[in-house]
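Asker: structure of the sequence below:
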Amino acid sequence: MPLKELAERRNILHRKSDAQTLLRHALSDVQIGKVALVSSFGAEAVVLLHMVSEIDKRTPVIFLDTEMLFPETLSYQRDLSAQLGLTDVRIIGPERNAVLTEDVDGLLHQADPDACCDLRKTRPLNAALAEFGGWVTGRKRYQGGQRAQLPLFEMEDRKIKINPLADWTSQDVQDYIARHDLPRHPLVAQGYPSVGCMPCTTRVSALEDPRAGRWRGIEKTECGIHNRPRKEIAA
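Answerer: Predicted structure coming up:
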């Protein structure tokens, strides 16, 4: 079955499913194949990580260490993975020779943020996802921008992307965290409702959009792993 058709059928099938049901089915969907959760271990990441731990702790979890993350994110990743009992957390990063060639001084993010994200996020993730037929993201429509019309399932680059929380609100996220007494990212309490790389993330005021602190002052709103050119290719 062409992947675009598969995504459309899954959108119809799960249009009334709750996130946990959708995720459970997606992780065992033979037509999608092997699935990984790609997690930033950021401000809201604990929701999907907890859901996955409840379904199958052996689920592959891919964590991108760009080598520019906050120390708090790295600590949170280690502590949360252990607390949830996740047994297949794969920490990946940029290819060493590529960094030495393209960003030896670590300042590429200032000159060309898109190139920096490509080097430190998109390319490493593409390599890590090669063995998978699908991957799970934590994107939500309320986050706006390119995410406003987000489907539950979509096709991209010969893979199915699964967005179990697409129709969740910010309050839904907070309610889930509170209900399950889950640990929050330590930077959230310090004014970072969305956490990315340290050089490209700032605090956000109560009157601002939660993602306003990401790439502040420039038009960039996505790192690149979610807005690659889409290839409408049957597989």
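Asker: any idea how far the longest helix along the chain is from the chain center?
Answerer: As assigned by DSSP state H, the longest helix anywhere in the chain is helix 71-84. Computed by CA atoms, centre = their mean, to the nearest Å, the chain-centroid distance of helix 71-84 equals 16 Å.
Asker: kindly report the same for stretch 97-108.
Answerer: How far stretch 97-108 lies from its chain's middle: 24 Å, per CA atoms, centre = their mean.
Asker: how about it: buried residues?
Answerer: 99, 102-103, 108 (16 or more other CB atoms under 10 Å). (C-beta placed from N, C-alpha, C; glycine too.)
Asker: flag the shaky bits of the chain, pLDDT-wise.
Answerer: Applying pLDDT under 70 to the chain picks out residues 144, 219-235.
Asker: and the strands in this structure?
Answerer: Taking DSSP state E as the criterion, the chain carries its strands at 35-39, 61-64, 89-92, 134-136, 153-156, 159-162.
Asker: which non-adjacent residue is nearest Val38?
Answerer: Distance criterion CB to CB, 6 or more residues apart in numbering; nearest residue to Val38, sequence neighbours excluded, is Ile62 at 4.8 Å.
Asker: hmm, I was thinking of Arg203
Answerer: Here the residue nearest Arg203, using CB to CB, 6+ apart, is Gly191, at 3.8 Å.
Asker: contact partners for that neighbour?
Answerer: Contacts of Gly191 were listed using CB atoms under 8 Å, 6 or more residues apart in numbering, and they are 203-205.
Asker: with Ala115 instead?
Answerer: 102, 108.
Asker: list the buried residues in the longest helix of the chain.
Answerer: In helix 71-84, counting by 16+ other CB under 10 Å, buried: 72-73, 76-77, 80-81, 84.
Asker: swap in stretch 172-190?
Answerer: Across stretch 172-190, burial judged by 16+ other CB under 10 Å covers 173, 176-177, 185-188.
Asker: got it, and stretch 118-133?
Answerer: Neighbour-count burial for stretch 118-133 [16+ other CB under 10 Å]: 118-125, 128-129, 132-133.
Asker: what's the closest of the residues you listed to Glu44?
Answerer: Checking these against Glu44 by CB to CB gives Lys121 as the nearest, at 18.0 Å.
Asker: so that closest one touches Thr66, yeah?
Answerer: Yes: Lys121 is in contact with Thr66 according to CB atoms under 8 Å; the separation is 6.1 Å.
Asker: look up how far Pro124 lies from Ile92.
Answerer: 5 Å (CB to CB, to the nearest Å).
Asker: my bad, should have said Glu131
Answerer: For Glu131, the distance to Pro124 - CB to CB - is 14 Å.
Asker: same deal with Ala212?
Answerer: In terms of CB to CB, Ala212 sits 27 Å off from Pro124.
Asker: equivalent analysis for Trp135, please.
Answerer: In terms of CB to CB, Trp135 sits 14 Å off from Pro124.
Asker: tell me where the chain has helices.
Answerer: Going by DSSP H, the chain shows helices at 3-13, 19-27, 46-55, 71-84, 96-102, 108-111, 113-117, 123-128, 170-179.
Asker: can you list those in a markdown table and add distance to Ile160?
Answerer: As requested, these are exported to a markdown table (distance: least, CB to CB, whole Å):
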| stretch | distance to Ile160 |
| --- | --- |
| helix 3-13 | 6 |
| helix 19-27 | 8 |
| helix 46-55 | 16 |
| helix 71-84 | 24 |
| helix 96-102 | 28 |
| helix 108-111 | 31 |
| helix 113-117 | 23 |
| helix 123-128 | 15 |
| helix 170-179 | 23 |
